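**Student:** show me the folded form of this:
(chains A and B)
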Amino acid sequence: MMSGLAYGVAGFVLLTGLWGIVTSRDSIHLVLCLSVAQSGTYVLLLAIGYREGGTAPVFQGVPPSAPAVDPVAQALALTDIVVAAVVLALLLALAVQAHKRFGTRDPDELRALRG
Amino acid sequence: MSRRGRLVVFAVAAAGLAGLLAWGLGGLPPLGQTPPYGQMLITVATMTRQVQNAVSGVNFDIRLADTILEEFLLLTAATGVTVLLRRLDDERERSPEQLAAERPAPPPVSDAVRVWSLGLIGPTVVVGLSLIAHGHLSPGGGFQGGALMVTAGLLGFLAGRPRALPWGGGVELTEAMEGAAGAGIVILGLAGVAVGGAFGQNVLPVGQRGALASGGLVPLVGGAVGVAVASGTALVVRAFVAEALAIRRARQR
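**Tutor:** Residues are numbered from 1 along each chain as shown, chains lettered A, B, ... in the order given. Model prediction:
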């Protein structure tokens, strides 16, 4: 039951972000929707790494034999965040340039490639 | 395609994706059961390498090669943003003097923003340095600390004159820091090869778990990652600020 909830939330967040991307009328909003969609992967990674009764994999004042959540999933979540940040930066740069060239932030108005 | 048509296509595709997700996620082990690999890495990180924070042990030692690729990804993105937001042929970049002389002058920043920004710079730098330095002991590390260091720079930008471009002459220094830190991580990885071992081998004495000087190469790699993340992100921020403030179409002069 709990695993259905955690994995379901991950899928729901992903699909919500995708819905926002498809219906977006503003390129900045579109980029943020992509970051919402990607947030689903954080939930999924943390759910995969979760361990029943586990502590954080930082053993300060805790014996290393204590049950802990999966450090690999957490390291992957960190990588995920870095990827999200750089993709966000690149897409925002593209949005800035598209606005400068075409004078609009509405993706629907970028009908054909010009120039 | 009309918006309505697009929504229909999306609804079909989303239903298919939702089905695939339900199928795939349903095949995962139930929540709370982790594969033994993570537990094994915890033992290696804490016992063999004496690293208290197993996540840092994974990032900066056991999976060092992946972290190097991740750092190069950041470097590539910083390059990409700088190229995308460069001054184009029909544009010019106004000098700081031109920006300062612009009329009408921009509205002044409120005193409250300036006081709080200025006051927060010191604590932000201290926390950032602490996160980097203790990455192998407590939650934190090079990535988190590096991001905080950039926040400190942004606070300085807020507290100062927003129309004065940040790091006017410091851009080249920041680029050099980014390159040197990226190379530094690779060199630390090559240290293992130099002593006849494998790439990324932890060649330094690992010390006692919990001590500041423990974990061998882990704190050094964490520090290099911190510098690389801070300078790479600073370059990205700088490119956006320059684009917003200084770069104008030449014919609007």
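**Student:** and the pLDDT at A:L91?
**Tutor:** The score at A:L91 is 94. That number is its pLDDT.
**Student:** again with the one 3 residues further on
**Tutor:** You'll see A:L94 listed with a pLDDT of 91.
**Student:** what count of nearby residues applies to it?
**Tutor:** A:L94 has 16 neighbours, counted by other Cβ atoms under 10 Å in any protein chain shown. (C-beta placed from N, C-alpha, C; glycine too.)
**Student:** within the helices and strands, which one has the most centrally placed residue in chain A?
**Tutor:** What sits nearest the mean C-alpha location of chain A, by Cα atoms, centre = their mean, is A:Q38, with 2.2 Å. A:Q38 belongs to helix A:27-49 when elements are defined using DSSP states H and E.
**Student:** got the CA positions of that helix in CSV?
**Tutor:** The C-alpha trace of helix A:27-49 is given here as CSV (Å, rounded to 0.1, in the frame of the first residue of the first chain):
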residue,chain,number,x,y,z
SER,A,27,8.1,29.8,-22.2
ILE,A,28,9.3,30.6,-18.6
HIS,A,29,6.2,28.7,-17.2
LEU,A,30,7.1,25.8,-19.6
VAL,A,31,10.6,25.5,-18.3
LEU,A,32,9.3,25.5,-14.7
CYS,A,33,6.8,22.8,-15.6
LEU,A,34,9.7,20.7,-16.9
SER,A,35,11.4,21.1,-13.5
VAL,A,36,8.1,20.0,-11.8
ALA,A,37,8.1,16.9,-14.1
GLN,A,38,11.6,16.2,-13.1
SER,A,39,10.8,16.5,-9.4
GLY,A,40,8.9,13.2,-9.8
THR,A,41,12.3,11.5,-10.2
TYR,A,42,13.4,12.8,-6.8
VAL,A,43,10.4,11.1,-5.2
LEU,A,44,11.1,7.9,-7.1
LEU,A,45,14.8,7.8,-6.2
LEU,A,46,14.1,8.5,-2.5
ALA,A,47,11.4,5.9,-2.5
ILE,A,48,13.7,3.3,-4.1
GLY,A,49,16.4,4.0,-1.5
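**Student:** who's in contact with B:L158?
**Tutor:** By Cβ atoms under 8 Å, 6 or more residues apart in numbering or on different chains, B:L158 lies in contact with B:109, B:113-114, B:117.
**Student:** hmm, the lengthiest helix in chain A touching chain B?
**Tutor:** In chain A, assigned by DSSP state H, the helix with the most residues is helix A:71-102. Yes: using Cβ under 8 Å from any Cβ of the partner chain, helix A:71-102 comes into contact with chain B via A:71-75, A:78-79, A:81-83, A:85-87, A:89-90, A:92-94, A:96-97.
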